[in-house]
Structure formats: C-alpha cells, structure tokens
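> structure, please.
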Amino acid sequence: MIKGLLRFIIAIIFILSGFVKAVDLVGFSFKMEEYFAPSVFNMPFLEKFALLFSIIVVVLELFLGFMLLLKLKLKFTLSALIALCIFFGFLTFYSAYFNVVTDCGCFGDAIKFTPWQSFIKDIVLLVGLIIVFILYRKEFKKKDDYTFSSKKDPSNTFKYILLGLFSLGMIYIMAQGIMHEPLIDFRDYKIGTDIKGEKEKINKNPSEYKTFYSLKNQKTGEILKVNQDDYIKETKYWEEGSPWKIEEGKNESVLVKEGYKSEIAKFKIEDLTGKEINDEIINAPKAILVFSYHPKEVPADLLQKLEAKVNAQKGAVIYGVSTDHNTFKTIKNAMMDGTAIKTIARSNPFVLILEKGKIVDKQPAKDYIK
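Numbering: from 1, shown residues only. Modelled structure (predicted):
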C-alpha cells in the first residue's frame with residue numbers, strides 16, 4: 001500500500017513536471033540557453049541545440065513518469081529516473097550555490113521555484129525513488145530488466161497501448177507549442193491579460209530592495225556587509241580618512257519586501273531616443289506590436305509580408321519591438337530587452353495585439369500573415 005502510493009505520487013510529479021514544460025517547449029528551451037550561457041557553464045555553442053535538449057528532457061520525464069505510473073519495466077524505469085534526478089540535482093545545486101539561474105523552469109511558468117527550493121525538491125524526489133527501488137526490488141524480473149525485448153508479457157499489452165496513446169497525445173501537445181502557441185498558457189502574457197491593470201497593481205505594491213555594501217578595512221583586512229541605511233548613518237564608513245572602502249563588484253541588492261509579482265513588470269518599451277512609450281501603447285484603443293528577439297534571423301520575405309499586413313490595420317498604434325533599432329523597414333522601431341521579449345514571444349517574429357492595454361490576440365508571424 002505504502003510503496004504503491006509513493007510510486008504513484010512520484011510518477012505524477014514527473015508527469016506534471018514534464019507536461020507543463022511540454023506545452024511550452026520553446027519557453028523551456030530559453031531556460032536551457034541560460035545554462036549554456038558564458039556566465040553559467042560557458043558552452044554557448046550548445047545554445048542552438050537548446051530546443052533539442054529540451055525535447056529530450058521532457059520526453060524522458062513524461063515517458064519514464066508514465067511507465068512508473070503503469071509499473072512497466074520497473075527496474076529500468078526507476079534506475080533511469082534516479083539518474084535523471086541526479087542530473088537535475090547537479091544543475092539546481094549549481095544554480096543555487098552560484099546564484100546564476102534564478103528559476104530552473106522545473107514546472108515551466110505554472111509554478112515558480114527558487115534555486116534552493118528546486119534543489120530540495122530534487123533531493124526529496126531522489127530519496128523517494130531510492131526508497132521505491134528498495135521496496136520493489138523483490139518484484140524485479142531476473143531477465144530483461146534494462147532492455148526492451150520483442151517478447152511482450154500478454155498481461156502488459158493494455159499498459160503498452162495506454163503508453164502509446166499517451167505518447168501520441170504528448171507529441172501533439174509539444175508540436176502545437178513549437179509550431180504555434182502553447183495549448184495551455186501559464187504565462188502572465190496570456191490572452192485576456194490587462195497589461196495596464198497589472199502595471200497599476202505593480203505601482204501600488206512595489207517590491208522593495210536594499211543595497212548591502214561589502215566594506216573592507218584597509219588596515220585590519222576585516223570585511224563587513226552593511227546595508228545602505230546603516231552606511232549613510234555611520235560616518236565612520238565614509239568620512240575622510242576612513243579605513244573602510246567599498247569592494248567593487250561585491251555589493252548585493254536584497255529583497256526586503258515582496259510586492260505584487262508579475263512578469264508585466266518587465267514590459268518596458270522605449271523609442272530610439274530612449275524614451276519609454278508604454279503609456280502610448282497601453283492607452284491606445286488598439287496597438288499592434290511585432291516582436292523579434294533574434295532580428296538578424298528573420299527572413300526578409302517574411303518581414304516584408306508581415307509589415308504589409310500590419311500597415312493595413314488603420315487607426316492602430318504600431319511598433320516593431322526588437323533588440324536592433326534597424327530591424328523593421330516600414331513600421332516604427334522600438335527597443336526592449338531580449339530576455340523580456342522572450343517572456344512575451346515564443347516565436348521569432350511574433351505579433352501581440354492590445355486593446356486599451358488588454359491582450360486580445362497573439363500569434364506567431366507566420367500564422368498572422370495567413
């Protein structure tokens with residue numbers, strides 16, 4: 001009873017974890033790119049394979065999780081899941097210890113974990129899998145524990161049919177998310193989101209941060225962490241002749257009050273002079289925004305067709321938003337941080353349509369011009 005319940009819980013966790021990433025594989029691939037970045041594992045040559053790696057990870061989670069649920073090839077399944085958990089545990093520990101990737105994307109945009117929470121989750125799962133492995137060890141078959149034989153156990157036929165149907169369903173969901181938009185949108189930028197309203201909530205209840213200075217005594221070598229308020233109050237830290245000096249590059253910004261959390265806080269669009277144009281966009285009766293996070297990779301013919309269709313929409317505020325001020329030829333260029341654009345757009349380029357600040361439609365460019 002206990003071992004069956006524990007197996008069921010762990011299987012469901014892996015299936016749910018894989019599912020929320022499967023619906024938005026492109027978003028998960030952006031997270032994989034962060035791990036390959038120079039500031040983390042310094043393997044930028046792997047960034048172009050991020051989507052492939054994302055598919056592999058998600059397929060393993062889903063496939064192995066469902067096999068564990070059905071109690072298929074139990075020794076093989078548990079061994080593979082333990083190896084997967086060790087791999088994830090290494091990534092999340094590295095992220096947490098070195099504070100390099102602030103969200104592992106373990107449950108996509110559906111549930112957010114801090115790096116240390118992600119690591120603890122992986123350790124708990126690993127311990128749970130080891131316990132299940134021990135509890136079920138007497139049920140393992142002596143033969144064919146780690147391989148898939150052509151000789152199937154007749155009693156397992158129905159389970160394999162279920163596994164096949166599950167796999168087909170997941171393939172459809174993953175393909176939909178890659179080629180179009182996620183079937184289920186867990187993001188803050190889903191259709192129906194009132195960006196103007198979200199901005200107001202953020203402004204009314206902002207998060208508060210304090211800067212902590214790393215100070216080193218030039219005479220004794222002592223090092224202190226002092227928050228900005230105490231630094232200003234205590235003249236001994238900054239008066240003329242003080243032995244205390246701020247260590248460059250070691251100051252920290254620490255969250256002291258959590259405000260209203262929303263990815264909409266990163267919605268900051270500027271014109272080519274650096275002036276923020278958010279108000280113009282979210283107050284307009286209709287605004288059409290064309291986003292591109294990799295402007296140099298957009299085919300010229302696609303861009304031409306896209307701009308032609310957008311320009312035909314009379315009476316709308318129209319901007320092309322990218323990381324390059326020369327991306328768009330016949331519509332006004334605007335600038336936005338590339339990471340923030342990826343939070344909105346899952347394809348390159350991408351169209352977002354607002355009415356008085358509310359998202360009413362969003363589509364990959366190739367679907368929009370059809």
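
> Lys201 falls within a helix, correct?
Yes. Secondary structure of Lys201 (DSSP: H, G, I helix; E, B strand; the rest coil): part of a helix.

> didn't it look like it was pressed against Ser262?
Yes. Assessed by C-beta atoms under 8 Å, Lys201 is found in contact with Ser262 at 7.2 Å. The C-beta positions use only the backbone N, C-alpha and C, and glycine is treated the same way.

> most remote residue from the chain's center?
Relative to the C-alpha centroid of the chain, counting by C-alpha atoms, centre = their mean, Gly241 is the outermost residue, at 47.9 Å.

> which residues does it contact?
Residues near Gly241 by C-beta atoms under 8 Å, 6 or more residues apart in numbering: none.

> next one: it from Lys219, what distance?
Using C-beta to C-beta, to the nearest Å, we find Gly241 at a distance of 11 Å from Lys219.

> same question, Leu60
57 Å.

> look at these two and report which has more neighbours.
Using other C-beta atoms under 10 Å as the criterion, Leu60 and Lys219 rank with Leu60 on top: 17 against 8.

> can you pull the pLDDT of that one?
Listed pLDDT for Leu60 reads 96.

> who are the packing partners of the helix or strand containing it?
Per DSSP states H and E: Leu60 is located in helix 50-70. Judged by 3 or more C-beta pairs under 8 Å, 6 or more residues apart in numbering; DSSP states H and E, the packing partners of helix 50-70 are helix 2-22, helix 25-36, helix 74-98, helix 157-179.

> would you mind finding the most buried of those?
Among the helices and strands packed on helix 50-70, helix 25-36 has the highest mean neighbour count (mean count of other C-beta atoms under 10 Å), at a mean of 21.

> what sits up against that helix?
With C-beta under 8 Å, 6+ apart as the test, helix 25-36 has contacts from 21, 40-41, 43-44, 46-47, 50-51, 53-55, 57-58, 91, 95, 100-101, 103-105, 108-109, 174, 177-178, 182, 187, 342, 346-347.

> chain center to it: distance?
Relative to its parent chain, helix 25-36 has a centroid offset of 7 Å by C-alpha atoms, centre = their mean, to the nearest Å.

> let me know the average pLDDT across it.
Average pLDDT, helix 25-36: 90.

> can you check stretch 238-252 too?
Computed over stretch 238-252, the mean pLDDT rounds to 86.

> tell me the span between the first and last residue of it.
Start and end residues of stretch 238-252 are separated by 18 Å (C-alpha to C-alpha, to the nearest Å).

> check stretch 19-27 too.
End-to-end distance for stretch 19-27: 13 Å, by C-alpha to C-alpha.

> ranking helices and strands of the protein by mean pLDDT, which lands last?
Taking mean pLDDT, DSSP states H and E as the measure, strand 252-257 is the helix or strand of the chain with the lowest mean score, a mean of 81.

> for it, name the packing helices and strands.
Here strand 252-257 touches strand 208-217, going by 3+ C-beta pairs under 8 Å, 6+ apart.

> run me through the strand neighbours of the strand it packs on, direction for each.
With DSSP bridges as the test, strand 208-217 is paired with strand 223-227 (antiparallel), strand 244-246 (antiparallel), strand 252-257 (antiparallel).

> got the buried residues for that strand?
For strand 208-217, a neighbour-count test (16 or more other C-beta atoms under 10 Å) marks Phe212, Tyr213, Ser214, Leu215, Lys216 as buried.

> swap in stretch 119-130?
For stretch 119-130, a neighbour-count test (16+ other C-beta under 10 Å) marks Phe119, Lys121, Asp122, Leu125, Leu126, Gly128, Leu129 as buried.
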